[in-house]
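Chemist: pasting the sequence and the predicted model now:
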Amino acid sequence: MQLFIKWMIGLSLLFGLSAFGNWIVATLEWKVPGNVIGMMLLLILLMTKIIRVEWIEDSAGFLTKHLAFFFIPIAVGLMSYSGLLKAEGIPLFLALIVSLFVGLIVTALISGRRGETS
Amino acid sequence: MTLLWVLVTIGVYLVSRKLSFKWASPFTNVVFLSTTILIVTLLLFEQPYDVYEPAKDLITILLGPATVALGLPLYRNLPTLLARAQRALSAIIAGTVSTIVVAVLIGTALKLTDQVLIGLAVKSVTAPIALELAKQLQGDAALAASITVACGILGAMFGPLMLSLFKVTDPFTRGLALGTISHGIGTAQAATEHPLSGATGGAAMGLSAIFTSFLLPFLLPFLL
């Protein structure tokens, strides 16, 4: 029962912050995803100890562990673009894979391949 | 019917997850494998995407709270992040700019249409903001979101391999790079490698989205 309440509190907080983030972005017309604002708010609330880690660690841990799951239905939407993929699929793939490689390596080289700590 | 598709999606995800642990390879990447299985299933039963869409809407309700939840690993790794904040920030900005420029230049050279080029310009940020950005740039929002998702999947599939090829072993940097270039899907992949990677991925995904939103309206006229 205690676990159930913890989950409910955790999920409510995460839902609330997500909704609040979206509301802020919509109201102030910011060009930033509301979820990212929600994430920053959670960080601030944890730092100021207004939200305690114990309240959200189960639900937040579960959701981040399965984060990939929530993108699958969106990815299934790719099937609506089979026409485009036939026409421009190969050049599009090339542009994506080369830019992916360049972007990753540039980021990694500046941030440090092995890091200062490890 | 909607509930059935939700259950099928969960089932396919769990099986794909098992397979990805058993045989680690780009093609057993969870998002890639699950998506492929689901699309093939829909095609086999001759169902259009419209049939699946209500299930998508239901599942993506949780995407918001799940993204917010990344604030927790961010909090837990805050000292590490702050200690390297300056270089990390430079890395995110340089990575964002380079991937956009390379993508649009190659796209232009290969004569892709303007709508696809706009999709390529916004591909590195998380789908909801890619959608907004594309609209702002007079692009096709749904197409841009799809290219964004494709970028995320490719990043999750081949990104870890590319990073290992360049002997990038630092979990901090691996997460940062995947989050910068492949937003949420890359971050989800990073989170399976190391909790620190999940945290830096989440931070990088947010920062690169913010940065791209401000930069793109100025950068794109020079590229197109």
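Modeler: Sure, I can see it. Residues are numbered from 1 along each chain as shown, chains lettered A, B, ... in the order given.
Chemist: every contact and neighbour count from this point should use C-alpha atoms.
Modeler: Noted.
Chemist: could you look up the SS state of residue B:158?
Modeler: Taken by DSSP: H, G, I helix; E, B strand; the rest coil, the conformation at residue B:158 corresponds to helix.
Chemist: if we ignore the residues flanking it in sequence, what's nearest it?
Modeler: residue B:26 (5.9 Å; C-alpha to C-alpha, 6 or more residues apart in numbering or on different chains).
Chemist: right, and the one you found touches residue B:162 too?
Modeler: No - between residue B:26 and residue B:162 no contact is recorded; they are 10.9 Å apart, counting by C-alpha atoms under 8 Å.
Chemist: which strands and helices sit next to the lowest-mean-pLDDT helix or strand in chain B?
Modeler: Lowest by mean pLDDT, DSSP states H and E among the helices and strands of chain B is helix B:127-136, with a mean of 77. In this structure, helix B:127-136 makes packing contacts with helix B:114-122, helix B:141-165, judged by 3 or more C-alpha pairs under 8 Å, 6 or more residues apart in numbering or on different chains; DSSP states H and E.
Chemist: helices or strands up against the shortest one?
Modeler: Right, helix B:114-122. Identification of packing neighbours for helix B:114-122 by 3+ C-alpha pairs under 8 Å, 6+ apart yields helix B:85-109, helix B:127-136, helix B:141-165, helix B:195-223.
Chemist: that one vs helix B:195-223, what angle?
Modeler: Using axes from the mean of the first three to the mean of the last three C-alpha atoms, to 10 degrees, the inter-axis angle of helix B:114-122 relative to helix B:195-223 is 140 degrees.
Chemist: read off the pLDDT value for the residue of chain A positioned farthest from its centre.
Modeler: Largest separation from the mean C-alpha position in chain A: residue A:87, at 31.3 Å (C-alpha atoms, centre = their mean). According to the prediction, residue A:87 has pLDDT 81.
Chemist: what helices or strands is the helix or strand harbouring it leaning on?
Modeler: Per DSSP states H and E: residue A:87 is located in helix A:82-111. Where contact means 3+ C-alpha pairs under 8 Å, 6+ apart, helix A:82-111 is packed against helix B:85-109, helix B:141-165, helix B:171-193.
Chemist: thanks a lot, see you next time.
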